[in-house]
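Chemist: Sequence below, structure please.
(chains A and B)
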There are 2 protein chains.
Amino acid sequence: MKPGIPKGTRDFSPTEVAKRNYIFESIKKVFEIYGYVPIETPVMENLSTLTGKYGEEGEKLLFKILNNGDFLAKANTEALDQKNSTALISSISDRGLRYDLTVPFARYVTMHLNDIHFPFKRYQIQQVWRADRPQRGRYREFYQCDVDVIGSDSLMYEAELVKIFDEVFSDLGLGVTIKVNNRKILYGIAETCGIEESFHDMTSSIDKLDKLGQEGVIDDLVKKGIDLAIAKEILDILKIKSLDDLELRITKSEVGLTGIAELRTFHKYLDLIKTNNKLELDLSLARGLNYYTGCIIEVVSNDVKIGSIGGGGRYDDLTGVFGLKDVSGVGISFGAARIYDVMEELNLFPENIGEKLKVLLIALDDSSHLYAFECLSQLRKAGISADLYPDPVKLNKQMKYANALHVPYTILIGSEEKESGLLGLKDMKSGEQQKMKISDIISTLL
Amino acid sequence: MKPGIPKGTRDFSPTEVAKRNYIFESIKKVFEIYGYVPIETPVMENLSTLTGKYGEEGEKLLFKILNNGDFLAKANTEALDQKNSTALISSISDRGLRYDLTVPFARYVTMHLNDIHFPFKRYQIQQVWRADRPQRGRYREFYQCDVDVIGSDSLMYEAELVKIFDEVFSDLGLGVTIKVNNRKILYGIAETCGIEESFHDMTSSIDKLDKLGQEGVIDDLVKKGIDLAIAKEILDILKIKSLDDLELRITKSEVGLTGIAELRTFHKYLDLIKTNNKLELDLSLARGLNYYTGCIIEVVSNDVKIGSIGGGGRYDDLTGVFGLKDVSGVGISFGAARIYDVMEELNLFPENIGEKLKVLLIALDDSSHLYAFECLSQLRKAGISADLYPDPVKLNKQMKYANALHVPYTILIGSEEKESGLLGLKDMKSGEQQKMKISDIISTLL
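Modeler: Numbers count the residues shown, from 1 in each chain, chains lettered A, B, ... in the order given. Purely as a prediction, here's the structure:
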């Protein structure tokens, strides 16, 4: 039998694990300096927790787990008779795989309310599953990396999260542009144009600006029943680059003015601490997700065209669906897979990442092998990542293994070395070799 | 709706994540010093990879994922008509959740043969899922923590892995006993007693010695059709404590003598480097899994009765089922959940684990709040985990938050502090307060 793995999933090799962890460690370090704490939730959630949260499209992408045992015994017989798969599901599946980290977080907060102190600042780096059509850069199993603060509506947090983006991407060596907007401003534009009842249609069209271009978005708006003149007016407003100019344009919309005031407060905080990367007001930024209600943020790489590598925003009601009302929050998410691809393309990972083995010992005969094992133990005790080839086979074969592992040093041990205690430390890059006592080798390699 | 999580799964709070990661980090550090590298495999595997690997009992415990879309369209109609759940599965489910890390590792090796250099030393710390009946300490979703070396039959690795157990448990502060045996010796005992055809029956009975006691195991053996006299003889041999005595007893079994020779070579390595913890020959150690073929190892806590907290052994054919023959390997596994419980019971986790926030800033009015945000940024830039309460509300409320977070320091900032630049750093434990410049606070807290 020839083994394979499910479509859209991946094995991670040692180097790939090291690179991914390099990104996660950089992110976690910043999260913790900013006072965020980690939680983890189960991979399996009750289907009742997941359904009704991701819209009709998302619902189709949920992976469902078949009930164990004789699941047909409790199956909906009508659905079975009609061969109606959709109607059958709820009677044969009680659980599904996590689709995102937002809904499990809302569930967590609702369930653990007594152990939580607001504002609650949490981060969560775990995998999610979506039965999407796999394609380049899109997987069915992938990591999400979310950081949120809930239980406060202070705009200080919007500034803090933008600064977290700024700092993480600086640490990773990635030049980015951080775009900000506010959903209230978008509503203000809709109101100003007299189409507030088409607000969601408008934002979903604007969201495609990158893909469709100006004309395409105008067509899209008209297709949704919006007047051509109004569509053009909207696109015109979206080009505005300053809050002062915008204020004059949407001055009759109270909601829009609130959005502007929020961005001004946000800037008041951010101006005090500055960012390394460019911060940009982008009125055409809409964020597809309708649960955002305030500031929205998106990050793009300055050097690689790959779409957003991070994003987030303010939401007014995360936990309402679980019965906990009026909990405002704001959060951002790092697009780990895309960040990985950008860093790979720009060659930003440290050289030799994941190659932690510092030295390979090579023994030439049985009794040297036992002696080498003793030396090995001393190196390891000193905290040096070291190994010994398992058998005293031909030097050639052992050297081939050392090269395959890219180990920077080898130590050759034969009967002469065993007797004198002077071992040959070889720098594999330069080829230079030095005779040294094990204690001196330890000091050299530490 | 009142949310819950599936039976047998858990949420991990920030403290629980910190404690679990403390264990994992200790383990990983040792793995890497010993030259092992990490891999990760998908949570979902093809059912064809998983089925036929875990015996009839294990098979029932596999979680299967329902195919997406109109899964009934391709369902086995005969099985549907007969309402035969078991027969239906393969036609409506192509994937399952990972049941252990061993089978995915064997699949990984077979698939990535061109990128692997033997001996291949890998570790893997990931979750697995089993539809077991949940009970205290047994979950349906839990972490496994495996380390294996494959592609060599050198007994040096058995010694190395025992030393890894020894070192990890020493680092964690846990006193343990490491028990060793060899499946070939057990076979030798069966052969000596003339019941080699009942070898698996014998080992599975011996495996229950802890639970059933001497008499119970004798009963169990007799129930399996073994003569009472022979059953008694077996139990008698199992009490032997030295290899020399054993050698005299099973001297006619060639396989048994090979087992003894293997343990002697193993000891030749281990004697050179010593262990901190007690190493014990335990002939009654059998390890339930039949794929072990050589040395077997098990670790128990000296202080808490909870069963084994680690175990492993040598297997001669890991990848044969995937078409790759003659790959010998040896590996061990850490029982992360039990180690966690033992450490909790013995109070071995560092104090304040997971509480990384060092200082909370408290502002008394709006303009001080902006100034505090600036100070906050300086603390964070210096790498100090710091936070600011989001609003300048009543001192009382902010202090309550500081106490809830167990933060060791607070900094109080009002208009006076803003003007003078002298901030009050308060040690929350002693209650002492000192007026200092932000630069001096940074040096104090670093």
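
Chemist: Break chain A into its domains for me.
Modeler: A:14-63+A:99-345, A:359-445 (automatic domain parsing).

Chemist: Using a markdown table, lay out those together with mean neighbour count.
Modeler: In short, each C-beta sits where N, CA and C put it, glycine included. Listed next are those as a markdown table, based on neighbours: other C-beta atoms under 10 Å in any protein chain shown:
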| stretch | mean neighbour count |
| --- | --- |
| domain A:14-63+A:99-345 | 19 |
| domain A:359-445 | 17 |
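
Chemist: And those domains: which comes nearest B:E25?
Modeler: Counting by C-beta to C-beta, B:E25 lies closest to domain A:14-63+A:99-345 out of those; the figure is 11.4 Å.

Chemist: Give me the mean pLDDT for the closest one.
Modeler: Per-region confidence: domain A:14-63+A:99-345 scores 95 on mean pLDDT.

Chemist: then the host helix or strand of A:R107 to CSV, C-alphas only?
Modeler: Assessed by DSSP states H and E, A:R107 sits inside helix A:102-111. Only the C-alpha atoms of helix A:102-111 are listed here, as CSV (Å, rounded to 0.1, in the frame of the first residue of the first chain):
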residue,chain,number,x,y,z
THR,A,102,-13.1,33.4,17.4
VAL,A,103,-16.2,31.3,18.1
PRO,A,104,-14.3,29.0,20.5
PHE,A,105,-12.9,32.1,22.3
ALA,A,106,-16.4,33.5,22.7
ARG,A,107,-17.5,30.1,24.0
TYR,A,108,-14.5,30.0,26.4
VAL,A,109,-15.3,33.4,27.8
THR,A,110,-18.9,32.5,28.4
MET,A,111,-18.0,29.2,30.1
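
Chemist: Not counting its own residues, what contacts it?
Modeler: When contacts are defined by C-beta atoms under 8 Å, 6 or more residues apart in numbering or on different chains, helix A:102-111 is touched by residues A:39, A:41-42, A:45, A:49-50, A:53-54, A:98, A:116, A:120, A:122, A:124, A:146, A:148, A:150, A:318-319, A:321-324, A:327, A:331, B:3-5, B:11.

Chemist: Could you list which of those belong to strands?
Modeler: A:45, A:120, A:122, A:124, A:146, A:148, A:150, A:331 (DSSP state E).

Chemist: who's the fourth one bridged to?
Modeler: Spelled out, it's A:Q124. Residues in a beta bridge with A:Q124, per DSSP bridges, are A:D146.

Chemist: Can you give me the separation between A:P134 and chain B?
Modeler: 12 Å (C-beta to the nearest C-beta, to the nearest Å).

Chemist: for A:K356, same thing?
Modeler: Relative to chain B, and taking C-beta to the nearest C-beta, A:K356 is found at 5 Å.

Chemist: so who does the residue nearest to A:C375 when sequence neighbours are not counted touch?
Modeler: Nearest non-adjacent residue to A:C375, counting by C-beta to C-beta, 6 or more residues apart in numbering or on different chains: A:I438, 5.2 Å away. Contact analysis of A:I438 by C-beta under 8 Å, 6+ apart lists A:375, A:378-379, A:421, A:423.

Chemist: what does A:L186 give?
Modeler: Contacts of A:L186 by C-beta under 8 Å, 6+ apart are A:199, A:202-203, A:206, A:259, A:283, A:286.

Chemist: swap in A:L445?
Modeler: A:358-359, A:379, A:384, A:409.

Chemist: State the helix or strand in which the spatially closest residue to A:P350 that is not a sequence neighbour lies.
Modeler: Closest residue to A:P350 apart from its sequence neighbours, by C-beta to C-beta, 6+ apart: A:Y22 at 7.2 Å. Assigned by DSSP H and E, A:Y22 falls within helix A:14-33.

Chemist: name the helices or strands packed onto that helix?
Modeler: Here helix A:14-33 touches strand A:120-129, strand A:141-150, helix A:156-172, helix A:336-345, strand B:37-38, going by 3 or more C-beta pairs under 8 Å, 6 or more residues apart in numbering or on different chains; DSSP states H and E.

Chemist: Do I have it right that A:L97 meets A:V43?
Modeler: Yes: between A:L97 and A:V43 there is a contact under C-beta atoms under 8 Å: 6.1 Å.

Chemist: between those two, what contacts are shared?
Modeler: B:V43.

Chemist: any idea how far A:V299 lies from chain B?
Modeler: Relative to chain B, and taking C-beta to the nearest C-beta, A:V299 is found at 19 Å.

Chemist: List the residues that contact the closest residue to A:G294 other than its chain neighbours.
Modeler: In this structure, A:G294 finds its nearest non-sequential neighbour in A:R314, 3.2 Å apart by C-beta to C-beta, 6+ apart. Contact analysis of A:R314 by C-beta under 8 Å, 6+ apart lists A:153, A:158, A:183, A:292-296, A:328-330.
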